[in-house]
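# structure of the sequence below:
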Amino acid sequence: MGNTKIYIVYYSLHGHVEIMAREIQRGANSVQGVEATLWQVPETLSGTILNKVKANPKADDVPVILPEQLLEADGFLFGFPSRFGVMAYQFKAFFDATHELWATQALAGKPAGFFWSTGFFGGGQELAAFTAITQLAHHGMLFVPLGYTFGNGMFEMGEVKGGSSYGAGTFAADGSRQPTDLELQQAFYQGKYVAEITKKLKG
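As a prediction, this is how the structure comes out:
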């Protein structure tokens, strides 16, 4: 049957989502028989704009994905920063480009989860994932939330922590804050959790 393939597809402007994506990949790859691969969606901003917003350089070890390449994977984790409570336009543009896959329902039945970064508490730690579910629904894909399976980490009140029952998350604040150890633990757990579920469904 071969390895279960998990594609971790993300967009990252200032590096926070990329950090989460790499930890999710480590979690997914910790499951025997799973091969997790990182992918970036295409950038839509010009180099001039990226310089003005002081964007991080794109990871040169992560290829840019084409919509048709989604067919190769058994399951997905999609990551993005939030813009006004919803996924960043770059990721929405990528989903818009999957219309041919939608027309044939080629991704129907494949499991997927979400992870994200927001600026502050009101930036969409739940809403970003909640509104993204519509993309999966139109494709007939299966949304895999974390629920409260992460355990005590879900109830942490002694420190600022991103994420929710919808998936792993982090806060970027003004861009200077980096994902905490607890947020990265949840990211690792999500990668492992979704990989295990995908493997079961494939089998």
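# and the helices in this protein?
16-29, 47-52, 89-96, 99-104, 127-139, 181-202 (DSSP state H).
# for the lowest-mean-pLDDT helix or strand in the chain, the distance to its chain's centre please.
Of the helices and strands making up the chain, the lowest-confidence element is helix 47-52, at a mean of 90, by mean pLDDT, DSSP states H and E. When distances are taken as Cα atoms, centre = their mean, to the nearest Å, helix 47-52 is centred 24 Å away from the chain's centroid.
# do stretch 129-148 as well
Using Cα atoms, centre = their mean, the offset of stretch 129-148 from its chain centre is 11 Å.
# go on, stretch 36-46?
Distance, centroid of stretch 36-46 to centroid of chain: 12 Å (Cα atoms, centre = their mean).
# now do stretch 168-184
Counting by Cα atoms, centre = their mean, stretch 168-184 comes out at 14 Å from the chain centroid.
# report the buried residues of the least confident helix or strand of the chain.
Judged by neighbour count using 16 or more other Cβ atoms under 10 Å, helix 47-52 contains no buried positions. Where you see a C-beta, it was placed from the backbone N, CA and C, and this is true even at glycine.
# and the helices of the chain, which one's lowest on average pLDDT?
Note on these: lowest mean pLDDT is at helix 47-52, with a mean of 90.
# got the CA positions of it in CSV?
Included here for helix 47-52 are C-alpha records, laid out as CSV according to Å, rounded to 0.1, in the frame of the first residue of the first chain:
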residue,chain,number,x,y,z
GLY,A,47,8.7,42.1,-4.0
THR,A,48,8.2,45.8,-3.3
ILE,A,49,5.3,45.2,-1.0
LEU,A,50,7.0,42.3,0.8
ASN,A,51,10.0,44.6,1.5
LYS,A,52,7.8,47.3,2.9
